[in-house]
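# Quick one: sequence and predicted model below, then my questions.
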Amino acid sequence: MTPTASPGSPEDPRHPDSAGARRRGPVKGTPRAPRMKREERERQLLDVAESVFAQHGYQDTTMEAIAAAAGITKPVIYDHFGSKENLLVAVVARAREDLLSSTAAALDALPPHSPVEAHFRAGVRAFMQFFEARRGSFRVYMQESAVAVVAGQDIESLRQAQARDIAERFSDNPAIAAYPMVHREAMAEIMIATNERVAAWRLRNPEIDLDTAVEIVMSVLWNGFGSYTADTVPAVEVSPSS
């Protein structure tokens with residue numbers, strides 16, 4: 001006859017130290033994260049996930065690793081984001097929104113009636129400064145094919161929204177406002193793509209400083225855009241995508 005463990009003893013499955021007991025909360029001995037409001041916890045999880053994804057890569061990152069770095073349990077992450085894929089999308093979306101805000105702030109800070117070249121230079125520098133500060137997250141969503149599979153559509157949607165915003169802000173400059181909106185969007189798309197590729201190139205060539213990168217992009221972009229005036233816009237009917 002199998003002996004029955006006395007109630008309250010470590011052998012009792014109901015006892016918290018029993019091997020059969022279901023543990024709730026962090027592993028015993030690990031520090032507990034402070035209680036936070038929901039929005040504060042989400043910000044914390046995005047910060048931690050961005051750092052862990054950047055360090056280990058998306059595919060090699062586990063939810064356990066993110067939970068451990070945040071000092072919480074996995075169910076907390078699932079409660080906020082539902083899945084590892086959704087967490088990645090949220091990390092990328094926040095980075096894109098922050099990039100959009102920093103670019104907009106740089107353009108808004110220009111004095112009224114600044115030359116067109118000043119708008120382009122301010123936009124390029126804002127891009128490069130952001131990528132410099134958030135190099136880890138940029139490495140994640142630019143370098144990993146897994147990210148493209150999981151969050152590619154979300155990244156592209158955010159990129160298009162960013163291009164539209166830049167195109168609208170360009171209209172504050174009379175010289176650029178003369179361009180049809182669809183052409184301004186094309187110019188913004190070219191700026192975004194060029195900045196992203198040069199930033200990715202800098203990851204492989206860390207000796208290239210920010211000022212040099214800005215001048216490289218400007219030498220390519222401005223040589224083309226500087227000669228592309230509203231009078232030389234091809235007379236083609238173009239319908240912007242909805």
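Yes, it's here.
# Mind checking the pLDDT average for stretch 185-203?
What stretch 185-203 shows for mean pLDDT is 86.
# any idea how far it is from the chain center?
How far stretch 185-203 lies from its chain's middle: 15 Å, per Cα atoms, centre = their mean, to the nearest Å.
# buried residues in it?
By 16 or more other Cβ atoms under 10 Å, the buried positions in stretch 185-203 come out as 185-189, 191-192, 194-196, 198-199, 202. No exception for glycine: its C-beta is placed from N, CA and C like everyone else's.
# got the contact list for it?
For stretch 185-203, the surrounding residues in contact (Cβ atoms under 8 Å, 6 or more residues apart in numbering) are 120, 123-124, 127-128, 131, 135, 138-139, 142-143, 159, 162-164, 166-167, 170, 179, 208, 213, 216-217, 220-221, 225, 240.
# go again using 7 Å as the cut-off
123-124, 127-128, 131, 138-139, 142, 159, 162-164, 166-167, 208, 213, 216-217, 220-221, 225, 240 (Cβ atoms under 7 Å, 6 or more residues apart in numbering).
# next one: stretch 111-130
Contacts for stretch 111-130 (Cβ under 7 Å, 6+ apart): 99, 102-103, 106-107, 110, 166, 170, 173, 175-176, 191, 195, 199, 210, 213-214, 217-218, 221-222, 225-226.
# can you do 8 Å?
98-99, 102-103, 105-107, 109-110, 166, 170, 173-176, 191-192, 195, 198-199, 210, 213-214, 217-218, 221-222, 225-226.
# Averaging pLDDT per element, find the lowest-scoring helix or strand in the protein.
Scoring the helices and strands of the chain by mean pLDDT, DSSP states H and E places helix 135-143 at the bottom, with a mean of 68.
# which secondary structure element contains the residue nearest the centre of the chain?
Among the residues of the chain, the one closest to the centroid is residue 95, at 2.5 Å (Cα atoms, centre = their mean). Using DSSP states H and E, residue 95 maps to helix 84-108.
# one step back: now which of the contacts of stretch 111-130 would you call buried?
99, 103, 106-107, 110, 166, 170, 173, 176, 191-192, 195, 198-199, 213-214, 217-218, 221, 225.
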